[in-house]
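Q: predicted structure and sequence below. I'll ask about it afterward.
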Amino acid sequence: MKVTAKDVAIKCNTSTAAVSRAFRADSVIDFNLRTKILFVARELGYLPPAKRIKQIEGYRTISIVVGDILNPFYPNALEMFAKEMTMRGHHMLVHVVPSDEAVDSTISQVLKTGSDAAIIASANLSSDLAHGCKQRGMPVVLFNRIQTDGRINAVCTDNYNGGLLAAERLLARNCSSVGFIGGIRDTSTHLERRRGFIDGLNRQESRLTFEESGAYDYNESFAVISDLLEGPLRPDGLFCANDIMAFAAIDASKKIGMVVGEDIAILGFDDVPMAAWTAYDLTSFRQRIRQMVTNTVNLIEGMWQNPDVEGELIMVRSRFIERSSG
């Protein structure tokens, strides 16, 4: 027998209108009542008409929220997501978080679109909002990010291991004055790459000589690294937490006459297409974007089948790409 909105309403001791509102993200309804309705609907196997149509037609809509769109890594990832979504018959929406705003404001727009899931790339999501999305039946997966809230599902590169390998590489090149150029200090990419790098140095009884923040920005990194290179104790090895900052390090080094790869070894992270350009020839750590994208969409589709899945973390090892810079 087909389960109807009336069946859900009777079990929740409410009206069919309330059941209908519970499935609309922009509707006004008591939070506890919405939670109860969605739980009962899932238990009974009820789907509202809009959701049933999507299932019959074989597509769903996934929103991707991006914060650092100027970083070439993310346009590459978006292209991979677009191909993956097309292959699986899903629709993709892209929401860009303005640099001066928090991701929470953008997520409220995502909820209004009626998307069936959200992928949060390069932005931090509050635990309360993640929980709110789940209560509305919208799975959320972090992409290239992890958070301290272990209930949030995430797919990312093993940044810690990349940091370890970066330390091993610079020490193998006999670098004795080693520096780290970090990104945005409260992001997992910065924290884990830094932690792995310092642990890698410590394992070989070495230490970090210089540390600065370039905020994943070329201009800011260029200024910081220029000051560093013109100081009395010039580094002979630099690990930059992403390729953009490594490009700035190479340009700053060349500007004062240093030979990159000889006078100073420079490593990046991400291996964006520009890393292979002759002007940079950057040694970097390639994030396996295709595998990360596939894992992310698999996780979302699994959550559609089992909404109670939470706290799943999928980590993908990066690939070391050796070029002349380091």
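A: On my side now, so go ahead. This is a predicted model, so every value here is computed, not measured. Residues are numbered from 1 along each chain as shown.
Q: per-residue pLDDT, Pro105?
A: Just to correct that, residue 105 is Ser rather than Pro. The score at Ser105 is 67. That number is its pLDDT.
Q: ok, which stretches of the stretch 51-200 of the chain are helices?
A: 73-88, 103-113, 127-135, 159-172, 188-203 (DSSP state H, counting those that start in this stretch).
Q: please apply the same query to the stretch 201-326 of the chain.
A: 218-229, 243-255, 289-305.
Q: in the second one, which residues are buried?
A: What that stands for is helix 243-255. Counting neighbours by 16 or more other CB atoms under 10 Å, one finds that the buried residues in helix 243-255 are 243-253. Just so you know, the C-beta spots here come from the backbone N, C-alpha and C atoms, and that holds for glycine as well.
Q: what are the contacting residues of it?
A: With contacts defined as CB atoms under 8 Å, 6 or more residues apart in numbering, helix 243-255 is touched by 71-73, 181, 183, 214, 216-219, 221-222, 225-226, 229, 238, 240, 260, 263-264, 266-272, 274-275, 280, 282, 284, 325.
Q: so where's this structure uncertain?
A: In the predicted model of the chain, residues 1-2, 24-27, 42, 45, 47, 49-58, 100-105, 108, 122-132, 134-135 satisfy pLDDT under 70.
Q: show me how it divides into domains.
A: With domains defined by automatic domain parsing, the chain comprises 1-56, 57-157+289-317, 159-286.
Q: excluding its backbone neighbours, what's nearest the residue nearest to the spatial centre of the chain?
A: For the chain, Asn144 is the residue whose C-alpha lies nearest the centre (CA atoms, centre = their mean; 2.6 Å). Once flanking residues are discounted, Asn144 sits nearest to Cys156: 5.2 Å by CB to CB, 6 or more residues apart in numbering.
Q: surely that neighbour touches Val316?
A: Yes - shown here, Cys156 and Val316 form a contact pair, counting by CB atoms under 8 Å, at 7.4 Å.
Q: who touches both of those two?
A: Common contacts of Cys156 and Val316, defined by CB under 8 Å, 6+ apart, comprise Met292.
Q: who's more crowded, the two?
A: Each of Cys156 and Val316 has its neighbours counted (other CB atoms under 10 Å); Cys156 has more, 21 against 18.
Q: and the gap between that one and Ser188?
A: 7 Å (CB to CB, to the nearest Å).
Q: also Glu230?
A: Distance from Glu230 to Ser188, by CB to CB: 32 Å.
Q: which one's more surrounded, the two?
A: In this comparison of Glu230 against Ser188, neighbours counted by other CB under 10 Å, the higher total goes to Ser188 at 18 against 11.
Q: so that one is in contact with Gln147, correct?
A: Yes - contact criterion CB under 8 Å: Ser188 and Gln147 qualify, at 7.0 Å.
Q: now Ile119. Nearest residue, chain neighbours left out?
A: Spatial nearest neighbour of Ile119, chain neighbours left out: Ile64 (4.6 Å); criterion: CB to CB, 6+ apart.
Q: which residues does the one you found bridge with?
A: Note on Ile64: beta-bridge partners by DSSP bridges are Val94, Ile119.
Q: got a list of what it touches?
A: Shown in contact with Ile64 (CB under 8 Å, 6+ apart): 78, 81, 92-95, 118-119, 121, 143.
Q: for the residues you listed, which one is nearest Phe39?
A: For the contacts of Ile64, the minimum distance to Phe39 (CB to CB) is 20.4 Å, reached by Ala118.
Q: what residues are up against that closest one?
A: 62-65, 107, 110, 133, 138-141.
Q: buried subset of the contacts of Ile64 as a PyMOL selection?
A: Per 16+ other CB under 10 Å, the buried members of the contacts of Ile64 correspond to this PyMOL selection:
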select buried, resi 78+81+92+95+118+119+121+143
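Q: need the contacts of Ile64 in JSON lines (columns: distance to Ile198).
A: What follows is these, written out as JSON lines (distance: CB to CB, whole Å):
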{"residue": "Leu78", "distance to Ile198": "32"}
{"residue": "Phe81", "distance to Ile198": "33"}
{"residue": "Met92", "distance to Ile198": "38"}
{"residue": "Leu93", "distance to Ile198": "39"}
{"residue": "Val94", "distance to Ile198": "36"}
{"residue": "His95", "distance to Ile198": "35"}
{"residue": "Ala118", "distance to Ile198": "34"}
{"residue": "Ile119", "distance to Ile198": "31"}
{"residue": "Ala121", "distance to Ile198": "26"}
{"residue": "Phe143", "distance to Ile198": "26"}
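Q: quick one: the residue nearest to Asn144 and Leu282, what's the gap?
A: Counting by CB to CB, the gap from Cys156 to Leu282 is 22 Å.
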